[in-house]
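*Asks:* Sequence first, then the predicted structure:
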Amino acid sequence: MLNFIYQKELFFLPLGFALKVEISLHVLHSLLCLHNSLTKYMVETPLVLYHFINTDHFLCCVLQALVDFTDFQIYQELIKGREDNSFYKSCVSEMLRIVTEESCTTRSKVLNYLGERFRVKMNLPEWYTNEQCANFLLDECICVHLKSDVEKFYLLCLMTRKLFTFAKQECMEENPDSIMCQEVLTPGQLYLMFLKERLAAWLVSVKLSFDKKGSRLSGGWSPENMMKIFNMGTDVTKPFEYLLATGNLTSKTGLGMLQNTGLCVVADKLNFIRYLSHFRCVHRGAAFAKMRTTSVRKLLPESWGFLCPVHTPDGEPCGLMNHMTASCEIVAPTLPTTSLPALLCSLGVTPVDGSPGQAYSDCYPVVLDGAVVGWLEAELAPVVVDSLRRFKVLREKKIPPWTEIVLVPKTGKASLYPGLFLFTTPCRMVRPVHNLALGKEELIGTFEQLYINVGILEDEIEPGVTTHQELFPHTMLSVVANFIPYSDHNQSPRNMYQCQMGKSETAINGPTHLHR
């Protein structure tokens, strides 16, 4: 996500590229959030910032540590699509020259160089070599959602090209307050992220107990003595009881969130509408309630169909505490996507290490779940998107039904960075609409909705322009807002007031209560 990052350092431009990645843990299936960002230096040399250890380093040093490529190969990859830009090419040459001046001419020397400088901050064992420390840095701090170093290399190159495009005002920044750039943190993921951190702290405490008392055990390493040492570890369950009771998070890392209070509330059951609303609520965060700006509270057009424009409280949490519409849902399951790269290549996508039939400036980068998988010629892009959408709606070719297919076109102006982006990951908001071409329901995402034409009523459909239609005219409203009688005859503040009053102590007749 591109936006302005205001740095305190003297020699930094206020430009940055933030990448928030999510990785599924093998055992816990939680989502671990780490932040990487590229910040543009005043001499046009980007730096990679590791928020995991709160430090930074030159980009090309990281690129050479990831792959065993020559400087010329790295140079060719970085200038793809900008071969005619002499200024950008000189910047890339200067970036590579800085690494050479540090006597880092091979990948092994670069790994040794990184490990020597970062091993102190990562608190690794003393017997780790410098290369092992560098590999730990690359695995745990750089694009942790990708397993292959080659995939990380291609993604960092794409981020660099996008950053320079933004610096020259050839593409617009992405609004972090827009729902198209946001995902939802579910309670189960927060719980499992915290569980992972507490288990890691317990392992560290057990290690210290072994080091301190292991050599003084009278009975040797017997099962009884082992259990005694295990019981000396820190308590894992107490912090969870405290979190559920008070909503306060006792974490050293903060789990990548802006707040550590108010994370747990009691689901009041004054009536069933109030109880239901707790599970449809999406809160932006308590940290934004203290901000004087109103940009985070604005109801943007991108929220249509996903967040209810009526069901939000008045007062301090107005615009921060929103509720999902009645048809909106959060993607929870995950399906394997290993067959999608081969499917894309069969449709006309050139692999990332190949050469397309046209110049790179006339092609779109293809990104699947944060991994660059290839290049797509601009004239083939609409056909490929239509084929993918047909496979998605008809449940063919093992494409998940909640896949988000976004083609950001080239406009010749400073619009969003162009490319073909595919998303299948959980935590995204999706909602059903009617696909007019195929005559079936289709799940669309927040980013995808920007580039399709959705009509509401029959008389709004224009042949060749409108691609989808709303299932019902009132799909923009939440469950509670749909209960308001004659809402179209009320002014907007009255509808908001009705949503709040419906959740008060007023009893609601529930004839099916016995069957719940």
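*Replies:* That came through fine.

*Asks:* Just checking, which helix or strand of this protein averages the lowest pLDDT?
*Replies:* Every helix and strand of the chain was ranked by mean pLDDT, DSSP states H and E. The lowest is strand 31-41, at a mean of 45.

*Asks:* Can you pull the domain assignment for the protein?
*Replies:* 2-174, 186-256 (automatic domain parsing).

*Asks:* among those, which is nearest L436?
*Replies:* domain 2-174 (29.2 Å; Cβ to Cβ). Where you see a C-beta, it was placed from the backbone N, CA and C, and this is true even at glycine.

*Asks:* can you map out the strands along the stretch 251-400 of the chain?
*Replies:* For the stretch 251-400 of the chain, applying DSSP state E, counting those that start in this stretch gives strands covering 281-283, 321-323, 329-330, 350-351, 363-368, 371-377.

*Asks:* Please work out the average pLDDT along the third one.
*Replies:* The one in question is strand 329-330. Across strand 329-330, pLDDT averages out at 96.

*Asks:* Out of the domains of the chain, which one sits most buried?
*Replies:* domain 2-174 (a mean of 17; mean count of other Cβ atoms under 10 Å).

*Asks:* From T246, how far out is the spatially closest residue to E316 that is not a sequence neighbour?
*Replies:* Excluding its sequence neighbours, the residue lying closest to E316 (Cβ to Cβ, 6 or more residues apart in numbering) is A289, at 5.8 Å. Per Cβ to Cβ, to the nearest Å, A289 is found 18 Å from T246.

*Asks:* if we can go back for a sec, any idea of the pLDDT on the residue nearest to E316?
*Replies:* On the pLDDT scale, A289 gets 83.

*Asks:* how many neighbours does L340 have?
*Replies:* 21 (other Cβ atoms under 10 Å).

*Asks:* right, and L270 touches K503 too?
*Replies:* Yes. Using Cβ atoms under 8 Å, L270 is in contact with K503, at 7.1 Å.

*Asks:* neighbour count winner among those two?
*Replies:* Using other Cβ under 10 Å, the more surrounded residue of L270 and K503 is K503, with 21 against 13.

*Asks:* Hmm, that one is touching A267, no?
*Replies:* No. With contact defined as Cβ under 8 Å, K503 does not reach A267; the gap is 11.9 Å.

*Asks:* helix or strand right after the longest helix that the chain contains?
*Replies:* If you go by DSSP state H, the chain has its longest helix at helix 187-213. Sequence-wise, the next helix or strand downstream of helix 187-213 (DSSP states H and E) is helix 223-231.

*Asks:* Which elements pack onto the helix or strand following that following helix?
*Replies:* Next helix or strand after helix 223-231 toward the C-terminus (DSSP H and E): helix 237-246. When contacts are defined as 3 or more Cβ pairs under 8 Å, 6 or more residues apart in numbering; DSSP states H and E, helix 237-246 sits against helix 187-213.

*Asks:* show me what contacts the spatially closest residue to S339 that is not a sequence neighbour?
*Replies:* Excluding its sequence neighbours, the residue lying closest to S339 (Cβ to Cβ, 6+ apart) is K398, at 5.3 Å. Neighbouring residues of K398 by Cβ atoms under 8 Å, 6 or more residues apart in numbering: 335-336, 339-340.

*Asks:* Can you tell me which of these is nearest V480?
*Replies:* For the contacts of K398, the nearest to V480 is L335 (32.4 Å; Cβ to Cβ).

*Asks:* For that closest one, give its distance to A342.
*Replies:* If you go by Cβ to Cβ, the gap between L335 and A342 works out to 16 Å.

*Asks:* Tell me the buried residues in stretch 341-359?
*Replies:* Neighbour-count burial for stretch 341-359 flags 341, 343-344, 347-350, 352, 356 (criterion: 16 or more other Cβ atoms under 10 Å).

*Asks:* Quick one: end-to-end length of that stretch, please.
*Replies:* 21 Å (Cα to Cα, to the nearest Å).

*Asks:* what's the answer for stretch 282-295, then?
*Replies:* 17 Å.

*Asks:* Can you tell me what sits against that stretch?
*Replies:* So stretch 282-295 is contacted by 177, 184, 257-259, 261-262, 296-297, 307, 316-317, 319-324 (Cβ under 8 Å, 6+ apart).

*Asks:* what's the answer for stretch 441-456, then?
*Replies:* Contacts of stretch 441-456 (Cβ under 8 Å, 6+ apart): 179-182, 302, 304-306, 389, 392-393, 401-402, 404-409, 421, 423, 428-435, 461-462, 465-471, 473.

*Asks:* Can you show me the CA trace of stretch 192-208 as CSV?
*Replies:* C-alpha atoms of stretch 192-208 as CSV (Å, rounded to 0.1, in the frame of the first residue of the first chain):
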residue,chain,number,x,y,z
LEU,A,192,-4.2,-17.6,18.4
MET,A,193,-1.7,-14.9,17.8
PHE,A,194,-1.5,-14.2,21.5
LEU,A,195,-1.3,-18.0,22.2
LYS,A,196,1.7,-18.3,19.9
GLU,A,197,3.5,-15.4,21.7
ARG,A,198,2.7,-16.9,25.1
LEU,A,199,4.0,-20.3,24.1
ALA,A,200,7.2,-18.8,22.8
ALA,A,201,7.6,-17.0,26.2
TRP,A,202,7.0,-20.2,28.0
LEU,A,203,9.7,-22.0,26.0
VAL,A,204,12.2,-19.2,26.8
SER,A,205,11.4,-19.5,30.5
VAL,A,206,11.8,-23.3,30.4
LYS,A,207,15.2,-22.9,28.7
LEU,A,208,16.3,-20.5,31.4
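
*Asks:* Many thanks, we can stop here.
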